[in-house]
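# my questions are about this predicted structure, shown below with the sequence.
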Amino acid sequence: MAGAEAHELSHRLGGSAGEIERAVAEPVADLDRELGHLLRAAKDAGAVSPELDQAALAAVIAAAHAAYTHRSGGVAAMAIVFDGLFGAPD
């Protein structure tokens, strides 16, 4: 969670940004670990580009969430994201 978002969330929840960060640290670590497992399985199955790394996948997920949340232009943005995710066809 970036600084501005953490501060906004802490303000809404009535706590400090540090308290929020500590509260979500374990679930975020669990999510990161499981994301790594899913990425390895997808690579092993040939379902995603072998060049895709976990940081890039996290960015893709964040972009997908932003496109879903902010629907203006979301379809076009997702087409661009998925073209890059799956790579060029053989």
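Happy to help now that I have it. On a predicted model such as this, the values are computed, not experimentally measured, just so you know. Residues are numbered from 1 along each chain as shown.
# ends of stretch 37-51, how far apart?
16 Å (C-alpha to C-alpha, to the nearest Å).
# show me the contact partners of that stretch.
L52, D53, Q54, L57, L85, F86, G87 (C-beta atoms under 8 Å, 6 or more residues apart in numbering). Every residue, glycine included, has its C-beta placed from N, CA and C.
# average model confidence for stretch 63-74?
When pLDDT is averaged along stretch 63-74, the result is 72.
# drop anything exposed from the contacts of stretch 37-51.
Among the contacts of stretch 37-51, the ones that count as buried by 16 or more other C-beta atoms under 10 Å are L52, L57, L85.
# in a markdown table, list these along with secondary structure and pLDDT.
Below are these laid out as a markdown table (DSSP: H, G, I helix; E, B strand; the rest coil; pLDDT from 0 to 100):
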| residue | secondary structure | pLDDT |
| --- | --- | --- |
| L52 | coil | 91 |
| L57 | helix | 89 |
| L85 | helix | 70 |
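# quick one: the strands in this structure?
For the chain, applying DSSP state E gives no strands.
# where does it dip in pLDDT?
Scanning the chain for pLDDT under 70 picks out 1-4, 6-7, 9-11, 13-18, 71-74, 87-90.
# how about the helices in it?
Secondary structure of the chain by DSSP state H: the helices cover 3-13, 17-44, 54-69, 74-86.
# got the buried residues for the last one?
Read that as helix 74-86. Quick answer for helix 74-86 (16+ other C-beta under 10 Å): A77, M78, V81, L85.
# please parse this structure into its domains.
The chain breaks down into these domains under automatic domain parsing: 1-47, 49-90.
# distance of E34 from A79?
27 Å (C-beta to C-beta, to the nearest Å).
# this completes my enquiry, with thanks.
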